[in-house]
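In: Just need the structure, nothing else, for what follows:
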Amino acid sequence: FKQKTAYEMLRSLVGSEMCIRDSLSFTAPGRVAEVLVKPGDYVLAGDVLVRQADISQRNAYEQALLALQTAQLRQEQLLQPVDEAQVRIAEANLNSALGAYAAVQNAVSADQLRAAELRVEQARQAKEDAIRARTTASGGQPDEYYSILDAQVGAASFNEEIARLQLESLRTSNRDQLAVAGARVAQAQRELERVKAGPTQAELDRAAIAIRQAEAQVQQAERALSRTALTAPFDGIVSLVNAEVGALTAPGTPVVEVVDVTPLRLNVQIDEVDVRQVREGMPVRVQLDALPGLRFPAAVAQIALVGRNDNGIILSLIHI
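Out: Next up is the predicted model:
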């Protein structure tokens, strides 16, 4: 390994049947925002290797989180015990609505209605008298006489219409205002009953459904956000990077390749003096000159039974 660069060694490892490699690609088109590795880098499972621009996905995720928090707050409010302050407020609103209804009810008294009805009757009688006087007038009178009688009939009719309209105004005004005031009383009564009773089962069910729906939206948004980043599927070495910042990526196009080096086997020779300190299954750390600073965990698989003479030095072969 001393004569090979890290990249050359990785390419030779990739060609080995003993290596496990994984080509990673994005599932949706996008623009590369970050390239965090290069060939030869050692990565751990879960490390982010390449990231796409994710502004819209992140905004959607944050909005979904906010909607979930709102739904949870609504449920917490429903589950709170009855608030006595709210009960007192609802009672005060009901008393106010009842007072307004009574005020409207007494705004037009029965005496006022009877007086208006009497004025209508008097105006009707005056009109009938004027009509009778006109129809029974004797002939041979000057034209001015008959004109005066006609004018009296018209004035009596006008006075009757005015009296009738005044009576209808009193009746209509009282009826409409009573209807509005009565509706307010009914609404205040329902609100008081609701505050005292607490949330209904239907309200609790709707709150629970809203939370489940919000949780599903969060999970969906989280998955969409996670798809904008390629992460290492296992501990290994990056053997290929096919991405640049700002470049567009297509779904399914390989972007990063990671090699799992754990299945590799290594044969080393050790002096017969030191071999007595080695046991099968003993954990070891392997360090390669081509990858300075990296140590790979391993274990002694087998110790050869017969050593080899190398210029008078007996060396034992150890399989790792």
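
In: Summarise which helices and strands the helix or strand hosting residue 165 is packed against.
Out: For residue 165, the host element (DSSP states H and E) is helix 143-197. Contacts defined by 3 or more C-beta pairs under 8 Å, 6 or more residues apart in numbering; DSSP states H and E place helix 143-197 against helix 84-105, helix 110-135. For the C-beta atoms, the positions are set from N, CA and C on the backbone; glycine is no exception.

In: Measure how buried residue 88 is and give me the count.
Out: The number of residues packed around residue 88, counting by other C-beta atoms under 10 Å, is 11.

In: With the one 10 residues further on instead?
Out: Applying other C-beta under 10 Å, we find 15 residues neighbouring residue 98.

In: List the contacts of it.
Out: By C-beta atoms under 8 Å, 6 or more residues apart in numbering, the contact list for residue 98 reads residue 185.

In: Need the pLDDT of it.
Out: The model reports residue 98 with a pLDDT of 82.

In: For the residue nearest the centre of the chain, what is the enclosing helix or strand?
Out: Here the mean C-alpha position of the chain is nearest to the C-alpha of residue 67 (C-alpha atoms, centre = their mean), at a distance of 2.9 Å. Using DSSP H and E, residue 67 falls within helix 55-79.

In: Which strands or helices does that helix pack on?
Out: Helix 55-79 packs on helix 201-226, going by 3+ C-beta pairs under 8 Å, 6+ apart.

In: Who are the packing partners of the helix it packs on?
Out: The elements that helix 201-226 packs onto, with contact taken as 3+ C-beta pairs under 8 Å, 6+ apart, are helix 55-79.

In: List the buried residues of the helix it packs on.
Out: Under the neighbour-count criterion of 16 or more other C-beta atoms under 10 Å, helix 55-79 has 57, 60-61, 64, 67-68, 71, 75 buried.

In: try stretch 295-302
Out: Across stretch 295-302, burial judged by 16+ other C-beta under 10 Å covers 296, 298, 300.

In: So for the last one, what's the pLDDT?
Out: Predicted confidence (pLDDT) at residue 300: the value is 77.

In: Chain neighbours aside, what residue packs nearest to it?
Out: residue 282 (4.7 Å; C-beta to C-beta, 6 or more residues apart in numbering).

In: Please tell me how far the one you found sits from residue 298.
Out: From residue 282 across to residue 298, the span is 10 Å (C-beta to C-beta, to the nearest Å).

In: same thing with residue 54?
Out: 38 Å.

In: Residue 165 now?
Out: The value you get for residue 165 to residue 298, if C-beta to C-beta is used, is 107 Å.

In: give me the low-pLDDT residue ranges for the chain?
Out: Within the chain, the stretches with pLDDT under 70 are 1-19, 105-109, 172-175, 262-264, 271, 273, 290-292, 305-320.

In: Let me know the outermost residue of it.
Out: Distance from the centre of the chain peaks at residue 140, with 94.7 Å (C-alpha atoms, centre = their mean).

In: Assumed that one was part of a helix.
Out: No. Residue 140: not assigned to a helix; according to DSSP: H, G, I helix; E, B strand; the rest coil it is coil.

In: what's it sitting at in phi/psi?
Out: With angles defined as degrees, to the nearest 10, residue 140 sits at phi 80, psi 10.

In: residues in contact with it?
Out: Taking C-beta under 8 Å, 6+ apart as the test, residue 140 contacts no residue whatsoever.

In: returning to that earlier point: which of the helices and strands packed on helix 143-197 sits closest to residue 227?
Out: Nearest to residue 227, of all the helices and strands packed on helix 143-197, is helix 84-105, at 46.4 Å by C-beta to C-beta.

In: coming back round to it: these two touch, right, the residue nearest to the centre of the chain and residue 217?
Out: Yes. Judged on C-beta atoms under 8 Å, residue 67 makes contact with residue 217 at a distance of 6.4 Å.

In: tell me the contacts of residue 34?
Out: Counted by C-beta under 8 Å, 6+ apart, residue 34 has contacts 48, 50-51, 245.

In: Got a quick PyMOL command for the buried subset of those?
Out: Remark: buried members of the contacts of residue 34, expressed as a PyMOL selection using 16+ other C-beta under 10 Å:
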select buried, resi 50+51
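
In: now the buried residues of helix 55-79 in CSV, with distance to residue 25?
Out: Shown next, in CSV, are these (distance: C-beta to C-beta, whole Å):
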residue, distance to residue 25
57, 17
60, 22
61, 22
64, 26
67, 32
68, 31
71, 36
75, 41
